[in-house]
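> turn this into a model:
(one chain, ligands or ions: 1)
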Amino acid sequence: MDTLAAPLTIAFDYTRSLGPVLGRFMAGLRERRVLGARTSDGRVHVPPLEYDPVTHEPVTDLVEVSPTGTVVSWTWNPRPVEGQPLDRPFGWALIRLDGADTPLLHAVDAEDLNTGMRVRIRWSAQRTGHIRDIACFEPGESDISEISEEFEPVEIMTTPIRLHYQHTTSAEEDRYLRALEQGRIIGQRCPACRKVYVPPRVCPADGVAPDEVVEVADRGMVTTFCVVNVPFAGQRLTPPYVVAQVLLDGADIPISHLILGVEAADVRMGMRVAAVWRDRSRWSTTPENIDHFEPTGEPDAPYESYGEHL
Ligand SMILES: [Zn+2]
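Prediction:
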């Protein structure tokens, strides 16, 4: 039987607040200015450090350096991947900008890249106060040398994170997914502590692979849960909704799943729930066969029955 494999994508927009130092650095890039941080030993760091490595005090002294510098060291990237600065072969280089004491890592668009090469920033056509305002570096000198004005710091920077990869299953995962394709949920029992893990995995307490296959029910109880109130990119449900840890009958460790068919405010620990499977014609070797869980209406499970499984 062939091993299961499928392409998976993990994607999210990483949004961070920048603080006073990086906020001014990013705002400077928008104006085609590069700011470095001067620390107590007199050195100028680019990109700027937020804290002095010697005194550990917050850095407050930002100074402008040149958008031109010298390649200190480099390596060649013959096969760029999605999301990198250039879509053709280029060099990654450590570049010490004139006026700075520490080098900056960036891409250089030069086939004859070499140590000592003079390079300058190639600015993005549309600058927003983001690290990507520097498109890359290119050979040459820059002629910008005016004194910069004050500018408002950038407060928030969003960086899209995209990761595409091919996932190949382990033997345990393979067995778990093939059972799901038949509408069954299986776990495996640790030979040492006798606990049933769903999905099967190496027992984290004993460090041994489980052996005995155990079928568990497609119903169980909510142990803990959270109400999702925060919207995010790619969200398929409208908040508020509940994601819970569901301890299936026969299992010793809960799985994480959606609880629908009930007001978020009415979900509680110990609530009895059952899997709602999607239409059988769409079953395949995927956890998505179970669309969500819904309350069964049975009396709540007593705390003692799941307190050991939180
Ligand atoms: Zn164990």
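
> for residue 173, see how far away residue 180 is.
Using C-beta to C-beta, to the nearest Å, residue 180 is found at 10 Å from residue 173. Where you see a C-beta, it was placed from the backbone N, CA and C, and this is true even at glycine.

> higher neighbour count, these two?
Residue environment comparison for residue 180 versus residue 173 gives the larger neighbour count to residue 180, 21 against 17, counting by other C-beta atoms under 10 Å.

> which pLDDT does the model give the nearest residue in space to the more buried one that is not next to it in sequence?
In space, residue 180 comes closest to residue 289 once its chain neighbours are excluded; the distance is 5.1 Å by C-beta to C-beta, 6 or more residues apart in numbering. What the model reports for residue 289 is a pLDDT of 97.

> same question, residue 1
Predicted confidence (pLDDT) for residue 1: 68.

> all strands of the stretch 151-300 of the chain, in order?
When secondary structure is read from DSSP state E, counting those that start in this stretch, the stretch 151-300 of the chain shows strands at 156-168, 185-189, 196-197, 212-216, 219-228, 241-248, 255-259, 272-277, 290-295.

> list the buried residues of stretch 195-215.
Across stretch 195-215, burial judged by 16 or more other C-beta atoms under 10 Å covers 195-201, 203, 210, 214.

> helix or strand: which one has residue 73?
Secondary structure from DSSP states H and E places residue 73 in strand 68-77.

> do the same with residue 128
With the criterion set as DSSP H and E, no secondary-structure element contains residue 128; it sits in neither a helix nor a strand.

> once you drop chain neighbours, what's closest to it?
The shortest distance from residue 128 to any non-neighbouring residue, by C-beta to C-beta, 6+ apart, is to residue 30 (6.5 Å).

> check residue 79 too.
When the adjacent residues along the chain are set aside, residue 79 lies closest to residue 89, with 7.3 Å between them (C-beta to C-beta, 6+ apart).

> repeat that for residue 275.
The shortest distance from residue 275 to any residue that is not its chain neighbour, by C-beta to C-beta, 6+ apart, is 4.0 Å, and that residue is residue 218.

> same check on residue 93?
Nearest residue to residue 93 in three dimensions, chain neighbours excluded: residue 74, at 3.9 Å (C-beta to C-beta, 6+ apart).

> just give me the neighbour total for the one you found.
19.

> residues contacting it?
Residue 74 makes contact with 91-94, 108, 113-115 under the criterion C-beta atoms under 8 Å, 6 or more residues apart in numbering.

> residue 217 now?
Remark: with contacts taken as C-beta under 8 Å, 6+ apart, residue 217 is in contact with 185, 248-250.

> tell me the domain ranges of the chain?
In the domain annotation for the chain, the residue ranges read 5-163, 169-305 (the TED database).

> next one: residue 95 from the ion, what distance?
When distance is defined by C-beta to the ion, to the nearest Å, residue 95 is 52 Å away from the ion.

> state the pLDDT value of that residue.
pLDDT, read off for residue 95, is 98.

> any figure for the gap between it and residue 256?
For residue 95, the distance to residue 256 - C-beta to C-beta - is 45 Å.

> compare those two (neighbour count), which wins?
The residue with the greater number of neighbours, taking residue 95 and residue 256 and applying other C-beta under 10 Å, is residue 95; the counts read 25 against 11.

> tell me the contacts of that one?
Residue 95 neighbours (C-beta under 8 Å, 6+ apart): 69-72, 103-106, 108, 119, 137.

> give me the buried subset of these.
Neighbour counting with 16+ other C-beta under 10 Å marks 69-71, 103-104, 106, 108, 119, 137 as buried within these.

> between the residues you listed, which is nearest residue 24?
Of all those, the one with the least separation from residue 24 (C-beta to C-beta) is residue 104, at 16.2 Å.

> isn't that closest one up against residue 47?
Yes - using C-beta atoms under 8 Å, residue 104 is in contact with residue 47, at 6.3 Å.

> nearest residue to residue 76 in space, please, no chain neighbours.
With sequence-adjacent residues excluded and distances taken as C-beta to C-beta, 6+ apart, residue 76 is closest to residue 91, at 5.4 Å.
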